[in-house]
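Asker: Here is my input; please provide its structure:
(2 chains)
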Amino acid sequence: MRVSRLMLVTLRDVPADAEIPSHQLLVRGGFIRRIGAGIYAYLPMMWRVLRKINAIVRDELNSLGALETLLPQLQPADLWERSGRWQGYTAGEGIMFHLEDRQNRELGLGPTHEEVITELAGDLLRSYRQLPVTLYQIQTKFRDEIRPRFGLMRGREFIMKDAYSFHANQDDLEATYQAMAAAYARIFKRCGLEAVAVDADSGAIGGAASQEYMVTAEAGEDLILTSSDGLYAANQEKATSLPPLAQPLEAGSDRIIDTPDQVSIEQLCVANGLDPTQTVKVLVLLARLDDGREQPTLVSLRGDQVLNEVKLANAVSRSLDATVLEISPISEQQLRQQGLSEFPFGSIGPDLSDTELRGCRSWQSHFLRLADATALDLPRFVCGANSRDQHFWGRTWDAIPTQIRADLRTAHAGEQCVHDPSQTLSACRGIEVGHIFQLGRKYSEALDARFTNSAGQQEALLMGCYGIGISRLAQAAVEQHHDDAGICWPVGIAPFQVIVVIAKMKDSNQVALGEGLYQSFLDAGIDALLDDRDERAGVKFKDADLIGIPWRIVVGRDAGDGEVEVVERSACKSTTMDHQEAYRQVKESILNTLRPEI
RNA sequence: CGGGGAGUGGCGCAGUUUGGUAGCGCGCUUGCUUUGGGAGCAAGAUGCCGCAGGUUCGAAUCCUGUCUCCCCGACCA
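Answerer: Take a look at the predicted model:
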């Protein structure tokens, strides 16, 4: 491709709405343009990058025997009602774009495809003899994100590869899951990405085992905790660690103490010479569930610990056998709306009585009581006395209503690892580009997708699902590979692998040599770009740096002697050599990088 | 959803306080000079100042409404 014909429009100024480097560079380099909030056009060079990524993904998945397919984006609501996700995805999170057609039928724009694929599988897969099967598609997904941002990183319309596997037994599911994990590792490597697999929460998709693939980068939206020995890595949403040891509460008479204006753990500890680990704090929250219930919830944590909302939502969902749509602190205004009197906020203990809820309008009339192990393991502690400005010193769990024990605390960097206490956790940020799940029978049971097993019995299909954010991956690659001058595309996904820059178009020697080199690369099957614009050399160099083509060959002053300059973009390393040698070296390097693992 | 900010040529911005009919840099067009790291000079083109109402002799500017976009938050009593 000739740059003069490429519709290359580069920007010198940083676009005002772009915050992070990858977003700025993709816009400046003429890769993407914003059409609306979270909606982007992929310009021709970007589309080349995306197609390269797609090709790698297809290659690896096809080699596993997965079958490519294409499913509808417009999906009937009743399919989602049967899986129980319509409420959660529309009214709850509101993440699904939905609409009514002219017959007043409700439809959703697919944010994911479990429902459709499970329906199909139930129809088509009737016998264990057909299993296992893995289907995948690469397609645009729609999600009405609460807050789209960072360009392609969190868009409302984005390209995703999603795969679904179907199995007759758990061993088979695990085998495919492992094979998929291995394929993912190869995909990210071939895309030139530094990615780490971490234990993850399975979130709204549901299911058991799940791992996320994170591209490490400063701008990442997720916090990852890893052990120094490399044996443990998890998203902070899911991570576990050993909590610091608690200080024993010195023996002494149990009593009520006055604690005026001591409404936070910090104030309480400062005023009474306590360590936070000697206290229990109680959060009063309201959980809204997908079956319409509004469940008042008391959560007890050791005073020094921080609530992990994801763990909490999962624990509440498990305890009540319904999906949590939202959990938030109860406000005084909400209490008034329920016709309840004020709670003793700041002095609440785990034994706050259910009578406090008597006569409420729409809430459940009893508390769901959950406690983190750090709190339950304290033999004696200080907590609120359920009476304003008073705390209980030397409380024990004996006289307190039964608590549901759960891991509810947030793990932090610096804490000891569960698998090996001599290791500590450290933190880094990451961009989630892939996620694999063992779904189990969640969707197949809901949608009645059954097969006949070898014993002649009807059984729900076991499922796995596996996603890669293609467009997000492309931007993550830029986030991981750029410098002050622009993008440094990894060779595997670069829109072009080499750019031949003719420094001065009026010099016929340069033009002839440049054209020859360009043609040679094309003949070798390499994606080459020829900068044939009648621009000053400086402009061409700046543009080449910005758009990040991995190899650049400058045909300039020494063209008369057959000498050219070879520049490796990522290393900013420049060498002058004979043009034939330059061609040979660059070609070899590109072809070797594209087939690394052999 | 709550809070903040912004909509002026393709991009980045000034002008709005104090109303008088629109400007700068980059980009674009033409010409000359330049020619290895975003050139110089000269001459041009490009605006329903987000949209709709209102006030006024007169509105980018004041008032009302509305739409859109960006940022922060969604929270530990």
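
Asker: Please count neighbours and contacts with C-alpha atoms only from this point.
Answerer: Will do.

Asker: How about the contacts made by the spatially closest residue to A:Ile330 that is not a sequence neighbour?
Answerer: Leaving out its chain neighbours, the residue that sits closest to A:Ile330 by Cα to Cα, 6 or more residues apart in numbering is A:Leu285, at 5.1 Å. Contacts were defined as Cα atoms under 8 Å, 6 or more residues apart in numbering; by that measure A:Leu285 touches A:Pro296, A:Thr297, A:Leu298, A:Val299, A:Ile327, A:Ser328, A:Pro329, A:Ile330.

Asker: Name the helix or strand for A:Leu285, please.
Answerer: Using DSSP states H and E, A:Leu285 sits within strand A:280-289.

Asker: Name every strand pairing with that strand and say which way it goes.
Answerer: strand A:294-302 (antiparallel), strand A:324-329 (antiparallel) (DSSP bridges).

Asker: which residues make contact with the longest one from outside it?
Answerer: Outside strand A:294-302, the residues that touch it by Cα under 8 Å, 6+ apart are A:276-289, A:307, A:350, A:362-364, A:366-375, A:408-409.

Asker: And those residues, which of them are buried?
Answerer: A:276-289, A:307, A:350, A:363-364, A:367-375, A:408-409 (16 or more other Cα atoms under 10 Å).

Asker: how close does A:Gln333 sit to A:Thr323?
Answerer: Shown here: A:Gln333 relative to A:Thr323, a distance of 25 Å by Cα to Cα, to the nearest Å.

Asker: So for those two, which residue has more residues nearby?
Answerer: A side-by-side neighbour count of A:Gln333 and A:Thr323, using other Cα atoms under 10 Å, places A:Thr323 first with 24 against 11.

Asker: is it true that the more buried one touches A:Leu289?
Answerer: Yes: A:Thr323 is within contact range of A:Leu289, at 5.6 Å (criterion: Cα atoms under 8 Å).

Asker: circling back: the strand holding A:Leu285 - what's its average pLDDT?
Answerer: The pLDDT scores in strand A:280-289 average 90.

Asker: That one vs RNA strand B: in contact?
Answerer: Yes: using Cα under 7 Å from any atom of the strand, we find that strand A:280-289 touches RNA strand B at A:Lys281, A:Val282, A:Leu283, A:Val284, A:Leu285.

Asker: How many residues are close by the residue in the stretch 401-550 of chain A positioned nearest to RNA strand B?
Answerer: RNA strand B sits closest to A:Gly538 of the stretch 401-550 of chain A, with a gap of 2.9 Å, by Cα to the nearest atom of the strand. A:Gly538 has 10 neighbouring residues, counting by other Cα under 10 Å.

Asker: go on, the one 3 residues further on?
Answerer: As a burial measure, A:Phe541 scores 15 neighbours (other Cα under 10 Å).

Asker: Just say helix, strand or coil for the closest residue to it other than its chain neighbours.
Answerer: Distances taken as Cα to Cα, 6+ apart put A:Val501 closest to A:Phe541, at 8.0 Å, once the chain neighbours are dropped. With DSSP: H, G, I helix; E, B strand; the rest coil as the basis, the three-state label of A:Val501 is strand.

Asker: So what's the residue count around A:Val501?
Answerer: Residues near A:Val501, counting by other Cα under 10 Å: 29.

Asker: Now do the SS call for A:Gly538.
Answerer: Following three-state DSSP, A:Gly538 is assigned to helix.

Asker: any chance you could map the strands in the stretch 351-500 of chain A?
Answerer: A:368-372, A:381-387, A:390-395, A:404-406, A:425-440, A:450-452, A:458-460, A:462-469, A:482-483, A:486-487, A:498-502 (DSSP state E, counting those that start in this stretch).

Asker: Just put those strands in a markdown table and tack on distance to A:Arg186.
Answerer: Formatted as a markdown table, the strands of the stretch 351-500 of chain A follow (distance: least, Cα to Cα, whole Å):
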| stretch | distance to A:Arg186 |
| --- | --- |
| strand A:368-372 | 39 |
| strand A:381-387 | 51 |
| strand A:390-395 | 55 |
| strand A:404-406 | 37 |
| strand A:425-440 | 13 |
| strand A:450-452 | 33 |
| strand A:458-460 | 32 |
| strand A:462-469 | 13 |
| strand A:482-483 | 22 |
| strand A:486-487 | 23 |
| strand A:498-502 | 24 |
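
Asker: got the buried residues for the helix or strand encompassing A:Ala175?
Answerer: Secondary structure from DSSP H and E places A:Ala175 in helix A:170-190. Across helix A:170-190, burial judged by 16+ other Cα under 10 Å covers A:172-174, A:176-177, A:180-181, A:183-188, A:190.

Asker: Report all helices and strands that it contacts.
Answerer: helix A:44-63, strand A:157-167, strand A:195-199, strand A:425-440, strand A:462-469 (3 or more Cα pairs under 8 Å, 6 or more residues apart in numbering; DSSP states H and E).

Asker: would you turn these into TSV with mean neighbour count, distance to RNA strand B and mean pLDDT?
Answerer: TSV is the format used below for the helices and strands packed on helix A:170-190 (neighbours: other Cα atoms under 10 Å; distance: least, Cα to the nearest atom of the strand, whole Å; pLDDT from 0 to 100):
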stretch	mean neighbour count	distance to RNA strand B	mean pLDDT
helix A:44-63	18	16	96
strand A:157-167	24	12	96
strand A:195-199	21	20	90
strand A:425-440	22	15	91
strand A:462-469	25	19	95
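
Asker: need these in JSON lines with distance to A:Ser317, can you?
Answerer: Compiled in JSON lines, the helices and strands packed on helix A:170-190 are given as follows (distance: least, Cα to Cα, whole Å):
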{"stretch": "helix A:44-63", "distance to A:Ser317": "34"}
{"stretch": "strand A:157-167", "distance to A:Ser317": "25"}
{"stretch": "strand A:195-199", "distance to A:Ser317": "20"}
{"stretch": "strand A:425-440", "distance to A:Ser317": "17"}
{"stretch": "strand A:462-469", "distance to A:Ser317": "21"}
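
Asker: Just give me the neighbour total for A:Gln103.
Answerer: 6.

Asker: Could you pull up the residues touching the residue lying closest to A:Ala449 once chain neighbours are set aside?
Answerer: Leaving aside its sequence neighbours, A:Ala449 sits nearest to A:Gly122 (Cα to Cα, 6+ apart; 3.7 Å). Taking Cα under 8 Å, 6+ apart, we find A:Gly122 in contact with A:Ser444, A:Leu447, A:Asp448, A:Ala449, A:Arg450, A:Phe451, A:Leu461.
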